[in-house]
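Asker: Give the three-dimensional model of this entry:
(one chain, ligands or ions: 1)
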Amino acid sequence: MDVLIVGANGKTGRLIIPLLLEAGHRPRAMIRLESQSEDMLALGAEPVLGDLEAPLEAVVRGHGAVIFAAGSGSKTGPEKTVDVDQIGAISLIDTCLAENCRRFVMLSSMATGAPERAPQKLHHFLAAKAIADAHLSASALDATIVRPGYLSDDAGTGRIRIAEDLGQIAGGGHISREDTARILAACLDHPNTIGACFEALAGDTPVADALAAL
Ligand SMILES: NC(=O)c1ccc[n+]([C@@H]2O[C@H](COP(=O)([O-])OP(=O)(O)OC[C@H]3O[C@@H](n4cnc5c(N)ncnc54)[C@H](OP(=O)(O)O)[C@@H]3O)[C@@H](O)[C@H]2O)c1
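Answerer: From the prediction side, this is the model:
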């Protein structure tokens, strides 16, 4: 399947590319700058120029699935979080509907929809993610929402803990970006994850087993 990775040049997005190749999919990397193309080709993904703050029809057209791993990041202000993580995500979801790209895997965050489980500095981010996630859940897309805890750059173990609500404070539990990428990619091959929304942390259960048991 042709899979569009949105945020492919990001720390998590890059890790998704080899996993999709391994699973027999064709990863296509949505990037904002032509200068990022060489890196994407070297990783094994066809680059596609696109920006969540611009029209996306031509970018999405022809893909069977989208994995959303983008985000404005912590260095920008709250306005950019709304522009990218909320309005940009909603624009992408609506474009997927219009272009009949039915499968959508969203990288969200632990404590989205439960700001009382997060420090004040994350509230604007969690509010933007909550609006985007609600829009996705209410859409007719085949959606999965993955809500990891604090993302680390540690090597992945391939073992995780997932549940609708892991009851942790955001930042109180971690998971590597590598294992998060494994979850996002593996959701495509676990149709039982369609309609699911779950939190994820490092744990003891192999990714495939954890997803199959959802
Ligand atoms: N950090 C955490 O502990 C944590 C915890 C839970 C969830 N999350 C979620 O995980 C996401 C990914 O984390 P990460 O560390 O992999 O992020 P990252 O390295 O900052 O990557 C984010 C990617 O989004 C892209 N992007 C930004 N604005 C865009 C736009 N307007 N259009 C298209 N792409 C755009 C960036 O593009 P460029 O490469 O061009 O800049 C970048 O490639 C975060 O954004 C957050 O929503 C993070």
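Asker: Now do stretch 2-10, average pLDDT.
Answerer: On average, the pLDDT along stretch 2-10 is 98.
Asker: Point me to the helix or strand that includes Thr76.
Answerer: Taking DSSP states H and E as the definition, one finds Thr76 inside no helix or strand.
Asker: buried set for stretch 169-180?
Answerer: By neighbour count on 16 or more other CB atoms under 10 Å, the buried set for stretch 169-180 is Ala170, Gly173, His174, Ile175, Ser176, Arg177, Glu178, Asp179, Thr180. To be clear about C-beta, it is placed using only N, CA and C from the backbone, and glycine gets the same treatment.
Asker: got it, and stretch 80-98?
Answerer: For stretch 80-98, by 16+ other CB under 10 Å, it's 80-93, 95-96.
Asker: How are the helices of the protein distributed by residue range?
Answerer: 11-22, 37-43, 57-60, 78-81, 89-98, 123-138, 177-187, 207-212 (DSSP state H).
Asker: if we can go back for a sec, filter the buried residues of stretch 169-180 by proximity to the ligand?
Answerer: Here is what survives when these are matched to the ligand using CB under 6 Å from any ligand atom: Arg177.
Asker: which among the buried residues of stretch 169-180 gets closest to the ligand?
Answerer: The closest of the buried residues of stretch 169-180 to the ligand turns out to be Arg177 (CB to the nearest ligand atom; 5.9 Å).
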